[in-house]
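Enquirer: After the sequence you'll find the predicted model.
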Amino acid sequence: MLRLPAFEFHQPSTLEEAFALLGSAAPSVRLVAGGTDLWPNMKRRHQKAETVVSLMKIDELRGIQTTNGNGNGPSLSIGAITLLDDIVRSSEVRERFPALSRATASISSPPLRNMATLGGNLCLDTRCTYYNQTEEWRRSIDYCLKEEGTVCWVAPGSPTCWAHSASDTAPMLAAIEATVVLQSPGELREISVSELFHNDGIEYLTIQPGEVLTRIDLPGSSSAKHCRTAFWKLRRRGSIDFAVLSVAVALWLDGAGTVEKANIVLGAVASRPLAVPNAARALVGQKPNIGAVRNAARAARRAATPMDNTDFKTQWRGLMVERYAEAAMCEAMDLPHQLPSPPHV
């Protein structure tokens, strides 16, 4: 049985208490919410900490609230420690942001969704075949660049780490142009979900030392009244497994049914959610038609570079980028589509 290492554990009830603990214990302190990512990582010695500060007793970081919009209907604000299961069960999220509800429901299994949080899923550690192993396994081949080594075993000649982004909510939130609020003592910083990430498998978040992700805001202009969305996820099994590819699509159509704006974001093919603007541009100015969708899907495939850092062969995953992007766009445009089935090997 893998056991957690020794560390100090704190459960503040206010943000002010959390900030004080962060300031006194840095840099050996880590924040935790549901712990479904951090605790296994610490057991396998992927991540280390002398002090862990839990956010789960800070009630102001929990809940789903309707807020004033910007003329396109009310926005939705979700606290960072809101459980994934609460988001899945929310009728407001399901009706107004259906693809986000689907993306959230695709995460892991019901027991994990009853522990994991939205903020935690956004900050999920990047994953890699050579990193997400036991301590003994990693030591046997020498540690990788992400784990105190000097070589990225995915691309030995690369100076950066190629571990991929594993969050399912991040691509969808980026596609609907959601924002996050980062708070530190005396300061609030609001950025887009897209700006939350670096394309670096090690330093993959732009959160500054001392900052806490407190809230995720979904704009009313991206609700189902104004925007068509879809989320498709590829993994070996139909549940539990992390994505080896995900596709998030958001389309804004005018009164005549022509695409005015489009966002297409891929997950699990880079160290951050990968927006593919060339694919989106192939849809703008078009009414729903399979020709435009296939052009956009080919553009998405050209932008993606799946690496040998997760399940399935890279060539096959690259092919699935095109097929899953096509299927997701067809769904958003109400065009016929067929789910590509992963192989049973």
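Expert: Sure, I can see it.
Enquirer: need the contact list for residue 72.
Expert: 219, 220, 221, 223, 226 (C-beta atoms under 8 Å, 6 or more residues apart in numbering). In short, each C-beta sits where N, CA and C put it, glycine included.
Enquirer: try 7 Å this time
Expert: Residues near residue 72 by C-beta atoms under 7 Å, 6 or more residues apart in numbering: 220, 221, 226.
Enquirer: among those, who's most crowded?
Expert: residue 220 (21 neighbours; other C-beta atoms under 10 Å).
Enquirer: Show me where the stretch 1-150 of the chain dips below the pLDDT cut-off.
Expert: Low-confidence segments of the stretch 1-150 of the chain, defined by pLDDT under 70: 24-27, 69-71.
Enquirer: how about the strands in it?
Expert: 8-10, 29-32, 51-54, 64-67, 75-79 (DSSP state E, counting those that start in this stretch).
Enquirer: what does the helix or strand harbouring residue 279 rub up against?
Expert: For residue 279, the host element (DSSP states H and E) is helix 277-281. Contacts to helix 277-281, defined as C-beta under 7 Å, 6+ apart, come from residues 262, 263, 264, 296, 299, 300, 303, 325.
Enquirer: Kindly recompute the last result at 6 Å.
Expert: 262, 263, 264, 296, 299, 300 (C-beta atoms under 6 Å, 6 or more residues apart in numbering).
Enquirer: Okay, and which of those map to strands?
Expert: Residues of these located in strands (DSSP state E): 262, 263, 264.
Enquirer: what's the neighbour count on residue 308?
Expert: 15.
Enquirer: Next: residue 117.
Expert: 28.
Enquirer: that older thread, by neighbours, which of the contacts of helix 277-281 wins?
Expert: residue 264 (31 neighbours).
Enquirer: so it makes contact with residue 248?
Expert: No. Applying C-beta atoms under 6 Å as the test, residue 264 and residue 248 come out as separate, 7.3 Å apart.
Enquirer: what stretches of the stretch 201-345 of the chain score poorly on pLDDT?
Expert: In the stretch 201-345 of the chain, residues with pLDDT under 70: 339-345.
Enquirer: at 90 what do you get?
Expert: 209, 237-240, 305-308, 337-345 (pLDDT under 90).
Enquirer: show me where it has helices.
Expert: Secondary structure of the stretch 201-345 of the chain by DSSP state H, counting those that start in this stretch: the helices cover 277-281, 290-303, 314-332.
Enquirer: ditto for the stretch 51-200 of the chain
Expert: Under DSSP H, counting those that start in this stretch, the stretch 51-200 of the chain gives helices at 84-89, 91-96, 98-105, 110-113, 118-122, 135-141, 169-175.
Enquirer: export these to TSV and tack on distance to residue 321 and mean neighbour count?
Expert: Listed next are those as TSV, based on distance: least, C-beta to C-beta, whole Å; neighbours: other C-beta atoms under 10 Å:
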stretch	distance to residue 321	mean neighbour count
helix 84-89	26	20
helix 91-96	27	16
helix 98-105	17	24
helix 110-113	27	15
helix 118-122	22	25
helix 135-141	29	13
helix 169-175	13	29
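Enquirer: Those: which one's closest to residue 35?
Expert: Among the helices of the stretch 51-200 of the chain, helix 118-122 comes nearest to residue 35, with 8.0 Å by C-beta to C-beta.
Enquirer: ok, back up a step: out of the helices of the stretch 201-345 of the chain, which comes closest to residue 268?
Expert: helix 314-332 (8.5 Å).
Enquirer: Show me what the closest one is packed against.
Expert: Packing contacts for helix 314-332, counted by 3 or more C-beta pairs under 6 Å, 6 or more residues apart in numbering; DSSP states H and E, involve strand 228-234, strand 245-253, helix 290-303.
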